[in-house]
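[1] model the structure of this input:
(one chain, ligands or ions: 1)
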Amino acid sequence: MKKLYGVIGDPIAHSMSPAMHNDAFAALGLDAHYQPFHITREDLPVAIAGMKVIGVAGFNVTVPHKTAILPLLDEIDPLAAAIGAVNTVVNEKGKFIGYNTDGEGFIRGLHEEYGKPVLDKHILIIGAGGAARAIYYTLSQQGAVHVDIANRTLDNAQQLKARCPYPVNTAILTMEEAEAKLAEYDIIIQTTSIGMSPKVEDLPLRLSTIRTDAFLSDIIYNPFETAIMKEAKQRGARVQNGLRMFVYQGALAFEKWTGKLADPDRMEKIVIDKLG
Ligand code: ATR
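    Numbers count the residues shown, from 1 in each chain. As a prediction, the model looks like this:
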């Protein structure tokens, strides 16, 4: 029987995950379908119960349900529990198990493009929201040694650091402090919404002292090239946008559901075509 997968969120109409996963199912000859489900906050509990009764084989979780879903699941992977957010659910013999593949997806994409191991590098994360938490906790879990955090609201960054269950050497910085010591970083990770369409000219900080051998990774992919990516390039550094993170969080979910590896280049092409 055809297996049913999907993504739950609100809004969900513009999600690129259905096209990406349905193409991957077809490419691997799997009898499965991936469906977007528009689920409001108030309907989340009944939706999860319904998906279980129907026997949905697995699904992704997006805004605004990534945290609210935790108490509704049967088990939560320790990393996802630490992050406090689930983006992937696997139906294992009738039990819904929650995982978070955002941080791991980011690290795979970064490693691929950076071309060298990243865990021993001097890393700066800009931002302290949900995406920063997934990336910081996953980097820490994997053994990163030095990851500083710069954020507008220092208290948010302090809390993010304090609640991390994995050991890592971290300084909390204002944006100005980070600007002043930018030359210390090998890898700079931009996780805020600053520079996202339509406010594409905005920058979280200036990169006056970025090294030419540094690498800047912005998790935004709309626009493809943010203002901070442009500045990094002008100063001779290498850059990447958030497409690879999006593709790999999906590829990792796909692997958890099917045990098979999806082709990330093919997935990325689907997303680029959808973005126009
Ligand atoms: P996400 O879950 O996508 O990471 P979020 O949780 O809303 O989004 O986090 C947004 C991040 O972007 C935070 O680090 C936020 O800074 P604060 O902690 O100070 O709120 C940052 N951010 C968003 N808009 C910003 C702006 N205009 N200037 C500076 N930082 C901003």
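[2] give me the residue at the spatial middle of this structure.
    In the chain, the residue lying closest to the centroid (Cα atoms, centre = their mean) is Asp102, at 3.2 Å.
[3] tally of neighbours for the residue lying closest to it once chain neighbours are set aside?
    Closest residue to Asp102 apart from its sequence neighbours, by Cβ to Cβ, 6 or more residues apart in numbering: Ala134 at 4.1 Å. Every C-beta, even on glycine, is put in place using the N, C-alpha and C of the backbone. Using other Cβ atoms under 10 Å, Ala134 has 29 other residues around it.
[4] pLDDT below threshold where in the stretch 1-150 of the chain?
    Applying pLDDT under 70 to the stretch 1-150 of the chain flags no residue at all.
[5] the ligand contacts on that one?
    Residues of the stretch 1-150 of the chain that fall close to the ligand, judged by Cβ under 6 Å from any ligand atom: 127-132.
[6] turn the residues you listed into CSV, columns for secondary structure and neighbour count.
    CSV is the format used below for these (DSSP: H, G, I helix; E, B strand; the rest coil; neighbours: other Cβ atoms under 10 Å):
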residue, secondary structure, neighbour count
Gly127, coil, 25
Ala128, coil, 25
Gly129, coil, 14
Gly130, helix, 17
Ala131, helix, 23
Ala132, helix, 24
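[7] can you list contacts of the strand or helix carrying Asp155?
    Assigned by DSSP states H and E, Asp155 belongs to helix 154-162. Here helix 154-162 makes contact (Cβ atoms under 8 Å, 6 or more residues apart in numbering) with 128-129, 132-133, 136, 149-151, 170, 172-174.
[8] one more: stretch 12-19?
    The contact list for stretch 12-19, computed with Cβ under 8 Å, 6+ apart, reads 6-7, 9, 34-39, 60, 62, 246, 250, 270-271, 274-275.
[9] give me the buried subset of those residues.
    Applying 16 or more other Cβ atoms under 10 Å to the contacts of stretch 12-19, the neighbour count classes 6-7, 9, 34, 36-37, 39, 60, 62, 246, 250, 270-271 as buried.
[10] in strands, which of those fall?
    Mapping the buried ones among the contacts of stretch 12-19 onto strands (DSSP state E) picks out 6-7, 9, 34, 36-37, 60.
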